[in-house]
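Peer 1: Build me a structure from this.
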Amino acid sequence: MKTLQKSGAFAAFYLAAAYIIGIALFLVVLDYPSITNPAQKVALLVEQQTVIFWTNLLMYVFFGLVLVVLALALYDRLKTGAPALAQVATVLAIIWAGSLVASGMVANAGIAPVLALYAQDPAQAALTWQVFETVGSGLGNGNGEILGGVWTLLISLAALRGGGLPKALNFLGLLVGALGIVSILPGLTDLVGMFGLSQIIWFVWMGIILLRRQPVQAA
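Peer 2: This next block holds a predicted model:
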């Protein structure tokens, strides 16, 4: 159990770091929010293909794989106090992890054929990349963090019911989860950013708890 808890702690730290590095690459290096049309996006892909490839690996593929480790560590910690909630949360985490891995793989699979097409027909390459990007964004919860939100919410509810995590961390988790869930609603998609930033804090705090404390069940 101690080994799994430590693995979960390091997984939580990685997830927080992946968010931070990914945000830095997305906003600073790629300046992606300023790219507004398909032609600009495919031109950026041609110029920054290596950065985009590794961003997809760090933020989606590796993130999804490491998320499974954290989910299993939390299940092991919470299964005694709230078994049903812990089981449902773990299943959702695995679904979320799978969608993230698929998102990164789809996006990276599109890079080579789009670059080859760009040399012959830049306009068609832009449209093709738009298709890959749309599919990848959908798989990666770009239109709302419903999976990550529900998972975080259920983990927090399970810990509140059965113990195992500090109450303050659980209340933060409820807020993070709620932000993720409502971000799927029309007009509230921008809350995805707030979900990500608040989950960084949740991941770091979770990592510290898993590394230092053994679970204490609620009475």
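
Peer 1: okay, CA-based contacts and neighbour counts for the rest of this
Peer 2: Noted.

Peer 1: Just the buried positions in the helix or strand containing Trp54, please.
Peer 2: Element membership for Trp54, per DSSP states H and E: helix 49-56. Neighbour-count burial for helix 49-56 flags 49, 52-56 (criterion: 16 or more other Cα atoms under 10 Å).

Peer 1: Equivalent analysis for stretch 108-115, please.
Peer 2: Those buried within stretch 108-115 under the rule 16+ other Cα under 10 Å are 108, 110-111, 114-115.

Peer 1: Downstream of the helix ranked longest in the chain, the next helix or strand is which one?
Peer 2: If you go by DSSP state H, the chain has its longest helix at helix 83-109. Heading C-terminal from helix 83-109, the first helix or strand you meet, by DSSP H and E, is helix 111-118.

Peer 1: From the contact counts, what lies against the strand or helix carrying Leu179?
Peer 2: Here Leu179 sits within helix 167-182, counting by DSSP H and E. The contact analysis (3 or more Cα pairs under 8 Å, 6 or more residues apart in numbering; DSSP states H and E) places helix 167-182 against helix 146-162, helix 191-212.

Peer 1: list the buried ones in that helix?
Peer 2: Quick answer for helix 167-182 (16+ other Cα under 10 Å): 169-170, 172-182.

Peer 1: need the contact list for the residue nearest to Ser7 when sequence neighbours are not counted.
Peer 2: Nearest residue to Ser7 in three dimensions, chain neighbours excluded: Val69, at 7.0 Å (Cα to Cα, 6 or more residues apart in numbering). For Val69, the contact set (Cα atoms under 8 Å, 6 or more residues apart in numbering) comprises 7-8, 11.

Peer 1: Please spell out the ChimeraX selection for the buried subset of these.
Peer 2: Per 16+ other Cα under 10 Å, the buried members of these correspond to this ChimeraX selection:
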select :7,8,11
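
Peer 1: quick revisit: check the offset of the helix holding Leu179 from the chain's centre.
Peer 2: Relative to its chain's centre, helix 167-182 lies at 15 Å (Cα atoms, centre = their mean, to the nearest Å).

Peer 1: Looking at it now, give me its mean pLDDT.
Peer 2: Averaged across helix 167-182, the pLDDT comes to 95.
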